[in-house]
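K.L.:
For reference, the sequence and a predicted model appear below.
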Amino acid sequence: MTLSHFDAAGQAHMVDVSEKPVTSRVAVAEGCVVMRPETLAYVLEGTSKKGDVLGIARVAGIMGAKKCAELIPLCHPLPITKVSLDLTPDPDLPGVRIEATVKTTGQTGVEMEALTAVSTAALTVYDMLKAVEKSMQIEGIRVVLKDGGKSGRYEAEA
């Protein structure tokens, strides 16, 4: 195995995907924002001073996926065909669980877009609630599913 973003001389470069076939691709990523139960109450009651925490974080995650190639230097701009985010309050965490699904039909995968969607949504949750709790933690951001392309299907262990 070699690192695909470096050439033979060790210089960073954008991977050439021009010879790869166009296929349907999907990636799912997850993460969470852990907070105190009283902070989660602001989310559940909709009493945050900044508004609907989960709704705004969902839109932020979608925007993040769409801007991925502008944020990650060697990431290809892709024609994203779907971005969806599920933000689920979890009293047992306590906090908010985030899952993003991104789809495209293209020559490279959308794992980075899914990870960026989760990260952006998590950062937005933090931003909207930081006035009541600065000690929140963003955790567990990872790809849980990737399908399509030459490398086939990947599913993370539970």
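P.N.:
That came in fine, so what should we check first?
K.L.:
Pull out the buried residues from the worst-scoring helix or strand of the chain on mean pLDDT.
P.N.:
Ranking every helix and strand in the chain by mean pLDDT, DSSP states H and E puts helix 37-45 at the bottom, with a mean of 92. With burial defined by 16 or more other Cβ atoms under 10 Å, the residues of helix 37-45 counted as buried are 39-40, 42-43. Heads up, the C-betas are built off the backbone N, CA and C, glycines and all.
K.L.:
Counting by contacts, list what it packs against.
P.N.:
Here helix 37-45 touches helix 53-66, strand 80-90, strand 95-106, helix 111-129, going by 3 or more Cβ pairs under 8 Å, 6 or more residues apart in numbering; DSSP states H and E.
K.L.:
Which one of the ones you listed lies nearest to Asp16?
P.N.:
strand 95-106 (14.0 Å; Cβ to Cβ).
K.L.:
For that closest one, name the packing helices and strands.
P.N.:
Using 3+ Cβ pairs under 8 Å, 6+ apart: strand 95-106 touches strand 23-34, helix 37-45, helix 53-66, strand 80-90, helix 111-129.
K.L.:
what's in contact with the second one?
P.N.:
Right, helix 37-45. Helix 37-45 is contacted from outside by 47-48, 53-54, 89, 91, 93-96, 125, 129, 132-133, 136, using Cβ atoms under 8 Å, 6 or more residues apart in numbering.
K.L.:
got the angle between that helix and strand 95-106?
P.N.:
60 degrees (axes from the mean of the first three to the mean of the last three Cα atoms, to 10 degrees).
K.L.:
circling back to that earlier point, which one of the contacts of helix 37-45 is nearest to Lys82?
P.N.:
Leu54 (19.4 Å).
K.L.:
What is the burial count for the closest residue to the closest one other than its chain neighbours?
P.N.:
Counting by Cβ to Cβ, 6 or more residues apart in numbering, Leu54 lies nearest to Leu87, which is 4.4 Å off, once chain neighbours are set aside. Number of residues near Leu87 (other Cβ atoms under 10 Å) recorded here: 24.
K.L.:
does Leu87 really touch Ile56, like I thought?
P.N.:
No - counting by Cβ atoms under 8 Å, Leu87 sits too far from Ile56 to count as a contact (10.0 Å).
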